[in-house]
Structure formats: C-alpha cells, structure tokens
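Q: A structural model of the following input is requested.
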Amino acid sequence: SLLQIMSGDSWAQAIVRPSIHYNQDSDMLIGVAFVMYVAVGTFVMLNLVTAVIVDNALAASGEDKEHRIVSAKKARAEKLDTLAELFKTLDVDGSGQITYAELAEAMELEQEVQDHFALLDIHPDKAAELFNLLDVT
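A: Model (predicted):
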C-alpha cells in the first residue's frame, strides 16, 4: 500500500519487486513512479512539520512581545507610584505643594529621598533642574 511506501515498511520487497516482476515491460517506469512518490511525499511531510514549527515559533514570539509591553506598563505604573510616594514624603507641611526649600532640605538630610530619586534614575544633583521643570508657579 502507499502507507507502506511512505513509512518505509519493507515496501521494496512487498510492493515494488512484485510489481516489477508482474510488469516486465514497464519495470523502469514503475521504479521511477515509486521513487517520485516517495520523494514528493517526503518533501510534503517535511514542509508540514516545518510549517508547524515556524507557526509555533511565531505565536511564541507574539506572546513574548505582548508580555514585554505588559511588563513595561507595569514598570511605568510602579515608577509613578514611587514618584507619588516621594512627593508625599517631600511635602513636609502637608500643603499639597512642594517648595524648593522642602526639596533641598529633603535631598540633603533624608537618605530615603535620595534612594527614591536613584530608583527613578534621577541623579540627586539634577533634582533642582527637575523641580524647575515641574514648577508651575
């Protein structure tokens, strides 16, 4: 059967040789037909396996991209929460506003404030520049 031919299950003894002996006139044609059938079948099977592997790899890549986007959004939200916590720490008088004096005092005296700025990748020397950028008054 054709399944024996594709699986290599002793197809030469069971199918090809009896077919060649039965048709002495067309033995070369039958041999070529069987070889072509095996070559095309093997090519098709390899292409199918390759297509499945590539499809799975592309799906995993897409999931990885989505995971990176979600991770970046989560990291941004965490930084914003840290920044809000920092601003609450800086507002010593509880007015809801941070003065430059409050910022300067906190930067000089409190290691926790310096650590928060470091966590946000803001060098302590640049805190005054940041304050001037954010100051609306």
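Q: neighbours around Ala127, how many?
A: Applying other Cβ atoms under 10 Å, we find 19 residues neighbouring Ala127. (Glycine included, C-beta is placed from N, CA and C.)
Q: what are the ranges of the strands in this structure?
A: Counting by DSSP state E, one finds no strands in the chain.
Q: scan it for its longest helix.
A: The longest helix of the chain (DSSP state H) is helix 27-90.
Q: so what secondary structure elements neighbour that helix?
A: Judged by 3 or more Cβ pairs under 8 Å, 6 or more residues apart in numbering; DSSP states H and E, helix 27-90 is in contact with helix 2-7, helix 17-22, helix 100-109, helix 111-119.
Q: which neighbouring elements make contact with the longest one?
A: Contacting helix 100-109 under the criterion 3+ Cβ pairs under 8 Å, 6+ apart are the following elements: helix 27-90, helix 111-119, helix 127-134.
Q: which one of these has the most crowded surroundings?
A: Comparing the helices and strands packed on helix 100-109 by mean neighbour count (mean count of other Cβ atoms under 10 Å), helix 111-119 comes out on top with a mean of 15.
Q: relative to helix 127-134, how tilted is that one?
A: 70 degrees (axes from the mean of the first three to the mean of the last three Cα atoms, to 10 degrees).
Q: quick one: mean pLDDT over stretch 71-83.
A: Mean per-residue pLDDT for stretch 71-83: 85.
Q: ok, the residue most central in space within the chain to Ser71 distance?
A: When Cα atoms, centre = their mean is applied to the chain, the residue found nearest the centroid is Asp64 (2.3 Å). Using Cβ to Cβ, to the nearest Å, we find Asp64 at a distance of 10 Å from Ser71.
Q: low-confidence stretches in this protein?
A: Applying pLDDT under 70 to the chain flags residues 1-27, 136-137.
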